[in-house]
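S.K.: got a sequence here, can you build the structure:
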Amino acid sequence: MPRRKRVTYDTVRRIGLTLPGVEESTSYGTPALKVKCKLMVRLRPDLDSIVLKMPFDERDELMHADPETYYITDHYERYPWVLVRLSMVGESALISLLQTARASALEKPVRPNRGEDARRPARGQPRS
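M.R.: Have a look, this model is predicted:
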C-alpha cells in the first residue's frame, strides 16, 4: 500500500487558496484562512491540528466516525468548530473539509428562538 503524503498547514493553505474568495490572514497569532473576513480555518501548532469551521451535526458525525482524526477540546464544545489532526487527515478529505468550512463561514448565524434549547447562552445571559 502506498504511503500517504503528510499533510501540513502548507497543504491546507495551498488547497484553501484555490477556493473562491479565500485569503490568507492570522487568528490568535497563528496562520489562518478567511473568506469575506470570516475565519474558516486556523492552525493550532501546539496540537499539530487545525481548527475548522463546521456545523454541529457534521462535526458530531466526523468525531463519531473517526475520533483519532476529528476531536474538540472543552473550549470548542459550544462552538461550531472541529479540530483536525494534520498527521491523521488525508489530502482528499481535506479538500472536502475546507469546502465545508468555507460554506459554513459564509452562512449567517441562526439564532435560536426563545425557549429553544441552545448550545450556547445568548449574549449577556449567565451560563448555567
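S.K.: for the chain, just list every one of the strands.
M.R.: Ranges of strands in the chain, per DSSP state E, are 22-27, 30-35, 38-44, 49-53, 70-71, 81-85.
S.K.: can I get those in TSV including mean pLDDT?
M.R.: As requested, the strands of the chain are exported to TSV (pLDDT from 0 to 100):
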stretch	mean pLDDT
strand 22-27	97
strand 30-35	97
strand 38-44	97
strand 49-53	97
strand 70-71	98
strand 81-85	98
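S.K.: closest one to residue 98 among the ones you listed?
M.R.: Closest approach to residue 98 among the strands of the chain is made by strand 38-44 (6.7 Å; C-beta to C-beta). Any C-beta I mention is one placed from the backbone N, CA and C, and that applies to glycine too.
S.K.: and that closest one, how far out from the chain's middle?
M.R.: Chain-centre distance of strand 38-44: 7 Å, with C-alpha atoms, centre = their mean, to the nearest Å.
S.K.: show me what it is packed against.
M.R.: Under the contact definition 3 or more C-beta pairs under 8 Å, 6 or more residues apart in numbering; DSSP states H and E, strand 38-44 sits against helix 9-16, strand 22-27, strand 30-35, strand 49-53, helix 91-106.
S.K.: who does the residue nearest in space to the middle of the chain bridge with?
M.R.: By C-alpha atoms, centre = their mean, the chain has its centre lying nearest to residue 52, at 1.0 Å. Beta bridges link residue 52 to residue 41, residue 82, judged by DSSP bridges.
S.K.: wait, it sits on residue 97?
M.R.: Yes: with contact defined as C-beta atoms under 8 Å, residue 52 counts as touching residue 97 (5.8 Å).
S.K.: what is in contact with these two at once?
M.R.: Taking C-beta atoms under 8 Å, 6 or more residues apart in numbering as the contact rule, residue 52 and residue 97 both touch residue 84.
S.K.: circling back: quick one: the residue nearest to the centre of the chain and residue 75, what's the gap?
M.R.: Using C-beta to C-beta, to the nearest Å, residue 52 is found at 14 Å from residue 75.
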